[in-house]
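*Asks:* test case, fold it:
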Amino acid sequence: MTTMDAVIALDVGGTGMKCAVVKPDGTVHHAERHPTGASRGPDAVVETILDVAASLADRARADGLTPIAAGCAVPGVVDEAGGTAVWSANVGFRDVPLRKLLSERLGVPAALGHDVRVGGIAEARLGAGRGHRHVLFVAIGTGIAAAHVVDGAAFAGAHGAAGEVGHIVVRPGGPPCGCGNRGCLESIASASAIGRRYTELSGITASAADVAARSAAGEELANEVWLEAVIALSDGLLTAQALYDADVIVVGGGLSEAGEALLGPLRTALEARVTFHRPPDLVRAGLGDEAGCLGAALLALDTLE
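*Replies:* You can find the predicted model right below:
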């Protein structure tokens, strides 16, 4: 690889796509954002992905760079070894051979990854987990998912479903979860669950960000809802730490925008629950919503090694 090489990276979400031309050292040369347009159906989304990727490759060449690989991150169940987007509720994918389609369209090697796992790879290699061998990246947003990254590589599990910490049952018989179970961590401590809980109790429609702000301002109900979520999250992370023994837990996703209002009480609650385990460092993600796109670029670069 040379300084004149570049990779094409795409992070496909339910509503938007973050896309970039990235140099081998991780520097973003050019970035774009596009609507996913999931309501148009999965075939249209695939065409948009391929068109945007081709446009980025053209942009790279126009700027004197040579596209040498492409990486794409998608949500849902991903067969990374086979290069297939197996299933995604957000985008409507079912058994889409995205890696093959990207490679054929661009004429370069391509890689396909799960959005949270590639975000974890980026945070471990370039972000808040840099310098640690064992990193657990936990994304807390509409849902909750994690990536276990060791020496810069994320583990997908036997069926591509590793890291689903959002579906650890922390409150048996608790609120119903979208997965069909009750009392999952995601049903209590995700951003959507926090907003929903506050709305149920107060009758006032609110987001998790609203609840965080109201809690910081001293509102008693908001503080109760926030603390309930933090305690549940600490219980879930205690289980995750028992399983993964991470050196550092990097918290990302929309809820991490609360910063120390989340991490401060979460550290306290987690440390109070740890017995013989060594408490991990608990830090906020450093790459924000660019982690998925950068992780897709890293996956693309890995195909060349």
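*Asks:* quick check: buried residues in stretch 87-101?
*Replies:* Trp87, Ser88, Asn90, Val91, Gly92, Phe93, Val96, Pro97, Leu98, Arg99, Leu101 (16 or more other C-beta atoms under 10 Å). In this view, the C-beta of every residue, glycine as well, is placed from N, C-alpha and C.
*Asks:* and the second one, what does it touch?
*Replies:* Just to be clear, that refers to Ser88. Ser88 makes contact with Val74, Pro75, Gly76, Val77, according to C-beta atoms under 8 Å, 6 or more residues apart in numbering.
*Asks:* out of those residues, list just those in strands.
*Replies:* Of the positions in the contacts of Ser88, Val74, Val77 sit in strands, assigned by DSSP state E.
*Asks:* let me have the contacts of Ser88 in JSON lines, adding pLDDT and distance to Val250 as columns.
*Replies:* Converted to JSON lines, these look like this (pLDDT from 0 to 100; distance: C-beta to C-beta, whole Å):
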{"residue": "Val74", "pLDDT": "95", "distance to Val250": "21"}
{"residue": "Pro75", "pLDDT": "91", "distance to Val250": "19"}
{"residue": "Gly76", "pLDDT": "87", "distance to Val250": "22"}
{"residue": "Val77", "pLDDT": "87", "distance to Val250": "23"}
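*Asks:* out of the contacts of Ser88, which is most surrounded?
*Replies:* Ranked by neighbour count (other C-beta atoms under 10 Å), the contacts of Ser88 have Val74 at the top, with 28 neighbours.
*Asks:* closest one to Asp281 out of the contacts of Ser88, please.
*Replies:* Using C-beta to C-beta, Pro75 is the member of these that lies nearest Asp281, at 27.3 Å.
*Asks:* now do Met1, the pLDDT please.
*Replies:* Per-residue pLDDT puts Met1 at 65.
*Asks:* I should have written Gly178 there, sorry.
*Replies:* Gly178 is assigned 88 on the pLDDT scale.
*Asks:* kindly report the same for the one 5 residues further on.
*Replies:* pLDDT for Gly183: 98.
*Asks:* in the stretch 201-305 of the chain, which spans are helices?
*Replies:* 208-216, 220-244, 260-273, 291-302 (DSSP state H, counting those that start in this stretch).
*Asks:* for the nearest residue to Leu255 once chain neighbours are set aside, which residues are in contact?
*Replies:* Leaving aside its chain neighbours, Leu255 sits nearest to Ile140 (4.0 Å; criterion: C-beta to C-beta, 6 or more residues apart in numbering). Ile140 makes contact with Ala189, Ser190, Ala191, Leu233, Val251, Gly252, Gly253, Gly254, Leu255, Ser256, according to C-beta under 8 Å, 6+ apart.
*Asks:* what's the closest of those residues to Ala69?
*Replies:* Nearest to Ala69 among these, with distances taken as C-beta to C-beta, is Gly252, at 24.8 Å.
*Asks:* and the one residue sitting closest to the centre of the chain, helix, strand or coil?
*Replies:* The C-alpha lying nearest the average C-alpha coordinate of the chain belongs to Val116 (C-alpha atoms, centre = their mean; 3.0 Å). For Val116, the assignment made with DSSP: H, G, I helix; E, B strand; the rest coil gives helix.
*Asks:* bridge partners for the nearest residue to it once chain neighbours are set aside, pull those for me.
*Replies:* Closest residue in space to Val116, ignoring its immediate chain neighbours: Ala145 at 4.4 Å, by C-beta to C-beta, 6+ apart. Ala145 forms beta bridges with Ala139, as assigned by DSSP bridges.
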